[in-house]
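>>> okay, here's the prediction I keep looking at, along with the sequence it came from:
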Amino acid sequence: MLSSLQGNLYQKYGIIADNTENPYSILHIITAAILITFIMVGSTTIVLFRRWILHGKQIAELEITTMQSELNQLKNQINPHFLFNMLNNANELVRVNPEEASVVLSKLNDLLRYQLNDSTQEKVNLSADIHFLNDYLNLEKIRRDNFSFTISKEGNINQTKIPPLIFITFVENAVKHNTYGENDYPYVSLDFKVHDDELHFVCQNSKPERMERSKVGGLGLINIRKRLDLLFETNYNLEIQDNGRNYKVELILKL
């Protein structure tokens with residue numbers, strides 16, 4: 001190989017071969033310089049490649065840490081607001097009907113346990129989250145005589161894992177804007193379907209005829225959209241409809 005390289009250099013630069021094999025001839029110097037250059041470039045490339053991998057790993061770790069911090073911040077923004085509403089409802093129920101105080105406190109205890117303990121996990125069973133929503137709506141039903149709700153489930157609910165507190169913002173929003181008058185019969189319906197690695201969630205609530213069409217928004221919905229973006233990126237679809245008499249949320253999650 002060295003002889004071939006030398007032959008090529010002879011032809012290119014018109015160098016006449018020296019049969020004396022002088023180790024310090026121009027040909028040997030050029031050949032050595034080329035080999036040294038190859039070695040230096042190869043070594044530098046390996047060092048730069050290793051640094052690039054390390055730098056990429058550090059950036060990935062930083063992105064994960066930042067995302068987790070933002071998720072925790074968003075969840076912490078939801079928790080105090082929701083807890084405040086629950087405590088207000090419980091306080092009102094105790095004043096209005098002391099006989100049901102024990103029932104209310106028992107349900108509130110379950111809600112708080114889930115809110116403060118189970119919801120700190122990265123993922124929970126869908127069945128546990130639905131049970132949490134059921135307790136919350138039952139608490140509202142005790143407080144409001146005309147209020148009714150339904151929860152339907154379909155598919156492998158017990159084996160499905162989801163991030164906690166994904167649905168409570170929609171349900172709380174449905175209850176909050178579901179006021180009623182003498183002739184109004186407010187309701188909230190929740191529907192959960194698990195099929196082909198997808199979770200389809202629908203939340204519907206009635207709206208009083210006198211209530212004007214509300215704008216879709218609010219801090220709670222802004223926060224839940226951010227959480228969905230961070231947790232599922234493009235693997236979800238959220239649609240919200242307000243037709244004046246009915247408010248509907250449809251959320252599809254790819255599990």
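Sure, I can see it. Residues are numbered from 1 along each chain as shown.
>>> ok, which stretches of the stretch 51-200 of the chain are helices?
101-116, 126-143, 168-176 (DSSP state H, counting those that start in this stretch).
>>> of those helices, which is nearest I34?
helix 126-143 (66.0 Å; CB to CB). Yep, even glycine has a C-beta here, placed from its N, CA and C like the rest.
>>> buried sites along that closest one?
Neighbour-count burial for helix 126-143 flags 126, 128-130, 132-133, 135-137, 139-140, 142-143 (criterion: 16 or more other CB atoms under 10 Å).
>>> can you tell me which helix or strand L231 belongs to?
Element membership for L231 (DSSP states H and E) is helix 219-232.
>>> buried residues in that helix, which are they?
For helix 219-232, by 16+ other CB under 10 Å, it's G220, L221, N223, I224, R227, L228, L231, F232.
>>> could you point out which element follows that helix?
That would be, after helix 219-232 and using DSSP H and E, strand 236-242.
>>> which elements pack onto the helix or strand following that next one?
Per DSSP H and E, the first helix or strand lying C-terminal to strand 236-242 is strand 246-254. Packing partners of strand 246-254 (3 or more CB pairs under 8 Å, 6 or more residues apart in numbering; DSSP states H and E): helix 168-176, strand 198-206, helix 219-232, strand 236-242.
>>> least confident of these, on average?
Mean pLDDT values for the helices and strands packed on strand 246-254 show the minimum at helix 219-232, a mean of 82.
>>> ok so, going back, would you format the buried residues of helix 219-232 as JSON lines with distance to K153 included?
Compiled in JSON lines, these are given as follows (distance: CB to CB, whole Å):
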{"residue": "G220", "distance to K153": "24"}
{"residue": "L221", "distance to K153": "24"}
{"residue": "N223", "distance to K153": "26"}
{"residue": "I224", "distance to K153": "21"}
{"residue": "R227", "distance to K153": "23"}
{"residue": "L228", "distance to K153": "21"}
{"residue": "L231", "distance to K153": "22"}
{"residue": "F232", "distance to K153": "21"}
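>>> so where is the stretch 101-250 of the chain shaky, pLDDT-wise?
101-102, 119, 179-184, 209-219 (pLDDT under 70).
>>> so which strand or helix has F38?
Residue-wise, F38 maps onto helix 26-96 under DSSP H and E.
>>> distance of I166 relative to R227?
7 Å (CB to CB, to the nearest Å).
>>> likewise T45?
From T45 to R227 the distance is 42 Å (CB to CB).
>>> what do you get for L255?
16 Å.
>>> do E99 as well
From E99 to R227 the distance is 39 Å (CB to CB).
>>> ok so, going back, can you tell me which of the buried residues of helix 219-232 is nearest Q241?
Using CB to CB, the buried residues of helix 219-232 come closest to Q241 at L221, 13.3 Å.
>>> look up how far N205 lies from the closest one.
For L221 relative to N205 (CB to CB), the value is 14 Å.
>>> please apply the same query to L190.
Relative to N205, and taking CB to CB, L190 is found at 10 Å.
>>> again with N237
Taken as CB to CB, the span from N237 to N205 is 20 Å.
>>> please say which of those two ends up with more neighbours.
N205 (22 against 14; other CB atoms under 10 Å).
>>> dump the residue contacts of the nearest residue to the more buried one once chain neighbours are set aside.
Excluding its sequence neighbours, the residue lying closest to N205 (CB to CB, 6 or more residues apart in numbering) is A174, at 3.7 Å. Under the criterion of CB atoms under 8 Å, 6 or more residues apart in numbering, the neighbours of A174 are V188, C203, Q204, N205, Y247, V249.
>>> between those residues, which is nearest I26?
V249 (81.0 Å).
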